[in-house]
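Trainee: okay, predicted coordinates and the sequence, questions at the end:
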Amino acid sequence: MIVFTDEVFFRQEPTLYQTWGRRGFQPEILSMGRRNTQKFFGALTLKPVRFSYHQSEVFNTDTYISFLDGLVDTNSEHKLLIIHDNAKYHKNDEVQAWISENNDSIDGYLLPSYSPELNAIEYLWKWVRLNYTHNRYFVTVKELLSTVRGAFISIQKRPQQISGYLQPFL
């Protein structure tokens, strides 16, 4: 099974994106100036479209290996081909050794440097931002997390809503 993996963070601080507004009036979005960041690992398969995620405090070798370990456990009936980018900890010796030790259930493939367009899950992140977090003011971290998790659950329940974004990979 081919699995695209990646990391993403969402900030409590609003991310401005193009929107409609009355001519001559700049739309305004409140901001508290906080840079509170919530981090997630994600995994996406295309046939069938399935998405899983895991929230993490940090992105590093240990948390990535733990994430991969969870993927292997929940997909034990398949051998996984993990496609991931060139984050430093994706290609370090510890991660590569872990993949080698578990080569009966997982293989890894590093994408070329600076090529997010080749990672299908990047399009999922884009969809979440466009539809759930851009141009939004989150008063609390709890509200941000509720919104992001709601988006993720929506994708898990109805993956067809992102199928247009995944067409180049199908």
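Mentor: Perfect, thanks for sending it.

Trainee: residue contacts, the closest residue to residue 160 other than its chain neighbours?
Mentor: Among residues not flanking residue 160 along the chain, residue 49 sits closest, at 7.6 Å (C-beta to C-beta, 6 or more residues apart in numbering). C-beta coordinates here come from the backbone N, C-alpha and C atoms, glycine included. Contacts were defined as C-beta atoms under 8 Å, 6 or more residues apart in numbering; by that measure residue 49 touches 159, 160, 162, 163, 166.

Trainee: hey, what's residue 49 bridged with?
Mentor: residue 46 (DSSP bridges).

Trainee: kindly report the same for residue 54.
Mentor: Residues in beta-bridge contact with residue 54 (DSSP bridges): residue 41.

Trainee: OK, contacts around it?
Mentor: By C-beta under 8 Å, 6+ apart, the contact list for residue 54 reads 40, 41, 42, 67, 70.

Trainee: filter these down to the buried ones, PyMOL style.
Mentor: Command for PyMOL, covering only those of the contacts of residue 54 found buried under the criterion 16 or more other C-beta atoms under 10 Å:
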select buried, resi 40+41+42+67
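
Trainee: so which of the contacts of residue 49 wins on neighbours?
Mentor: Greatest neighbour count in the contacts of residue 49, by other C-beta atoms under 10 Å, goes to residue 162: 20 neighbours.

Trainee: correct me if wrong: that one contacts residue 155.
Mentor: Yes - checked against C-beta atoms under 8 Å, the pair residue 162 and residue 155 is within contact range at 5.9 Å.

Trainee: what touches both of these two?
Mentor: Residues touching both residue 162 and residue 155 (C-beta under 8 Å, 6+ apart): 124, 127.

Trainee: give me the pLDDT value at the residue most central in space within the chain.
Mentor: In the chain, the residue lying closest to the centroid (C-alpha atoms, centre = their mean) is residue 42, at 4.2 Å. pLDDT, residue 42: 98.

Trainee: show me what contacts it?
Mentor: Counting by C-beta under 8 Å, 6+ apart, residue 42 makes contact with 5, 6, 7, 8, 51, 52, 53, 54, 121, 124, 125.

Trainee: ok, which stretches of this structure are strands?
Mentor: Assigned by DSSP state E, the chain shows strands spanning 2-11, 37-46, 49-56, 80-84, 106-110.
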